[in-house]
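*Asks:* after the sequence you'll find the predicted model.
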Amino acid sequence: MSALYEEVQQFYARQMRHLDEGEVAQWALTFTEDGVFAANAHPEPFRGREAIESGARKTFEQLTADGVQRRHWLGMLDVEEQADGRVLAHTYALILSTPRGGQAAVHLSTSCHDVLVRTGAALQVSNRQVYRDDLPRER
Amino acid sequence: MSALYEEVQQFYARQMRHLDEGEVAQWALTFTEDGVFAANAHPEPFRGREAIESGARKTFEQLTADGVQRRHWLGMLDVEEQADGRVLAHTYALILSTPRGGQAAVHLSTSCHDVLVRTGAALQVSNRQVYRDDLPRER
Amino acid sequence: MSALYEEVQQFYARQMRHLDEGEVAQWALTFTEDGVFAANAHPEPFRGREAIESGARKTFEQLTADGVQRRHWLGMLDVEEQADGRVLAHTYALILSTPRGGQAAVHLSTSCHDVLVRTGAALQVSNRQVYRDDLPRER
């Protein structure tokens, strides 16, 4: 378990930093080509790396226009390796927002369920389900 | 140190998820039969697994009635293994609250001092002391 | 990578606990003798362990006078070991404040870029750059 647990922590640190810094192409590359990103806040999942990248770009451009810095913290990691090599990774995800010149605050509290796969040397997300704590679990 | 540090992180991820999801029997099993849970917010500690479970059940039922999702984050883990095999684990514990349909927010900032013991393959808490940052350390 | 990643997590847990508990001499010893602590909130960096200690003491005394408990959480750790043995460690840093008898809240959201070096058995910070999310990155 040992090496894997840290590998996932480090993977998430880099992945979410890409998102928060607006490196959306690098963010998208942390998903498989056919990766799926679903959330109980979205009517439909983003399907495929291209859709994931374009969704992230739109959000980042809006945040930049609004002068807001987002930070995604993943923590309370629970890792479970499957017999087939896939890795189930459950985290709590806390999203913070700071307006330029203003007060940092909690934006959202969520849970994140990932299926990670190994592609060459690297981990990638093949399926992500995010559940916002303020919304019903299922839609 | 290596394997132990991760093992404690993973233990906490599962333990607190049990609490936050209302799996109070599984939560209680993460304490020893004679486990003690003390807090500077409580006049008396919970003594024994049964008391710990019934306290958690009461709190969870109240939160459910109020439509509130709690999330307990443990972080900034400091682990120290004793000669006798017990593990001292110090963490910061951040508690977030999200009302259904409402805004997530910080509920409490606390410190947590655990004595962990190994029972068979698993870690269990034999003693937990929680200190809320808003209250005097000793009562 | 494995052992190092945990070592840095544990190092930060102890380092920031020293700061938050007002153990400023022990805090200062987590920096090299000629350590530098810069922030986009400060006109000039603190240069040298003595300046770092005296800055921390002044802040802690003010917080104590105000009855405020600060907690520094470092998370989303990204560790990169250099060929020369230095360790680049990037984290998100979340600062919480709790007034005695009052409500805990997010104080600041920041990013932290450290250069860590090994001195004997221990890690020390030789250079720390903190970027508050509410302020322009460069000054």
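*Replies:* Noted; the coordinates are in hand.
*Asks:* in chain A, where is pLDDT below threshold?
*Replies:* A:1-2, A:139 (pLDDT under 70).
*Asks:* can we see that at 50?
*Replies:* Low-confidence segments of chain A (pLDDT under 50): A:1.
*Asks:* what's the nearest residue to the residue nearest to the spatial centre of chain A if we skip its chain neighbours?
*Replies:* Residue closest to the average C-alpha location in chain A (C-alpha atoms, centre = their mean): A:M16, at 6.2 Å. Leaving aside its sequence neighbours, A:M16 sits nearest to A:H72 (C-beta to C-beta, 6 or more residues apart in numbering or on different chains; 4.2 Å). Backbone N, C-alpha and C define where each C-beta goes, glycine included.
*Asks:* secondary structure element for the one you found?
*Replies:* strand A:68-81 (DSSP states H and E).
*Asks:* before we move on, what about A:T64?
*Replies:* Secondary structure from DSSP H and E places A:T64 in helix A:49-66.
*Asks:* repeat for A:Y92
*Replies:* Element membership for A:Y92 (DSSP H and E) is strand A:87-99.
*Asks:* okay, the angle between that strand and strand C:68-81?
*Replies:* 130 degrees (axes from the mean of the first three to the mean of the last three C-alpha atoms, to 10 degrees).
*Asks:* mind giving me the packing neighbours of strand A:87-99?
*Replies:* Contact partners of strand A:87-99 among helices and strands, from 3 or more C-beta pairs under 8 Å, 6 or more residues apart in numbering or on different chains; DSSP states H and E: helix A:2-20, strand A:68-81, strand A:105-119, strand B:68-81, strand C:105-119.
*Asks:* need the ones you listed in CSV (columns: distance to B:T110).
*Replies:* Formatted as CSV, the helices and strands packed on strand A:87-99 follow (distance: least, C-beta to C-beta, whole Å):
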stretch, distance to B:T110
helix A:2-20, 23
strand A:68-81, 15
strand A:105-119, 16
strand B:68-81, 9
strand C:105-119, 14
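*Asks:* what residues does stretch A:58-76 touch?
*Replies:* A:12, A:16, A:19-20, A:22, A:24, A:91-101, A:107, A:112, B:12-13, B:16-17, B:73-75, C:75-76, C:92, C:94, C:109, C:133-134 (C-beta atoms under 8 Å, 6 or more residues apart in numbering or on different chains).
*Asks:* list only buried entries from those residues.
*Replies:* A:12, A:16, A:19-20, A:22, A:24, A:91-98, A:107, A:112, B:12-13, B:16-17, B:73-75, C:75-76, C:92, C:94, C:109, C:133-134 (16 or more other C-beta atoms under 10 Å in any protein chain shown).
*Asks:* ok so, going back, from the middle of its chain, how far away would the strand holding A:Y92 be?
*Replies:* Averaging C-alpha positions (C-alpha atoms, centre = their mean, to the nearest Å) puts strand A:87-99 7 Å from its chain's average.
*Asks:* okay, that strand in PDB with CA atoms only?
*Replies:* Coordinates of each C-alpha in strand A:87-99 appear next as PDB, following Å, rounded to 0.1, in the frame of the first residue of the first chain:
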ATOM      1  CA  VAL A  87      -7.300   2.100  -7.900                       C
ATOM      2  CA  LEU A  88     -10.300   3.400  -6.100                       C
ATOM      3  CA  ALA A  89      -9.500   6.600  -4.400                       C
ATOM      4  CA  HIS A  90     -12.000   8.400  -2.100                       C
ATOM      5  CA  THR A  91     -11.300  11.900  -0.800                       C
ATOM      6  CA  TYR A  92     -13.000  14.800   0.700                       C
ATOM      7  CA  ALA A  93     -12.600  17.900  -1.500                       C
ATOM      8  CA  LEU A  94     -12.700  21.300   0.000                       C
ATOM      9  CA  ILE A  95     -12.900  24.300  -2.400                       C
ATOM     10  CA  LEU A  96     -11.800  27.700  -1.300                       C
ATOM     11  CA  SER A  97     -12.300  31.000  -3.000                       C
ATOM     12  CA  THR A  98     -10.400  34.200  -2.600                       C
ATOM     13  CA  PRO A  99     -11.400  37.400  -4.400                       C
END
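*Asks:* between it and strand B:105-119, how many degrees?
*Replies:* 150 degrees.
*Asks:* give me the sheet partners of strand A:87-99 and which way each runs.
*Replies:* strand A:68-81 (antiparallel), strand A:105-119 (antiparallel) (DSSP bridges).
*Asks:* hang on, the earlier thing: check which residues of the helix holding A:T64 are buried.
*Replies:* For helix A:49-66, a neighbour-count test (16+ other C-beta under 10 Å) marks A:49, A:51-53, A:56, A:60, A:63 as buried.
*Asks:* check stretch A:119-128 too.
*Replies:* For stretch A:119-128, burial by neighbour count (16+ other C-beta under 10 Å) applies to A:123-128.
*Asks:* follow-up on the earlier one: pull up the gap between the residue nearest to the centre of chain A and C:G22, please.
*Replies:* To C:G22, A:M16 is 32 Å away according to C-beta to C-beta, to the nearest Å.
*Asks:* tell me which of the helices and strands packed on strand A:87-99 sits nearest to A:A28.
*Replies:* Closest approach to A:A28 among those is made by helix A:2-20 (8.7 Å; C-beta to C-beta).
*Asks:* what about the helix or strand following that closest one, near chain C?
*Replies:* For helix A:2-20, the following helix or strand on the C-terminal side (DSSP H and E) is helix A:24-28. No: remark: helix A:24-28 sits outside contact range of chain C, by C-beta under 8 Å from any C-beta of the partner chain, the gap being at least 13.0 Å.
*Asks:* name the surrounding residues that touch helix A:24-28.
*Replies:* Here helix A:24-28 has contacts from A:15, A:18-19, A:49-50, A:52-53, A:56-57, A:60, using C-beta under 8 Å, 6+ apart.
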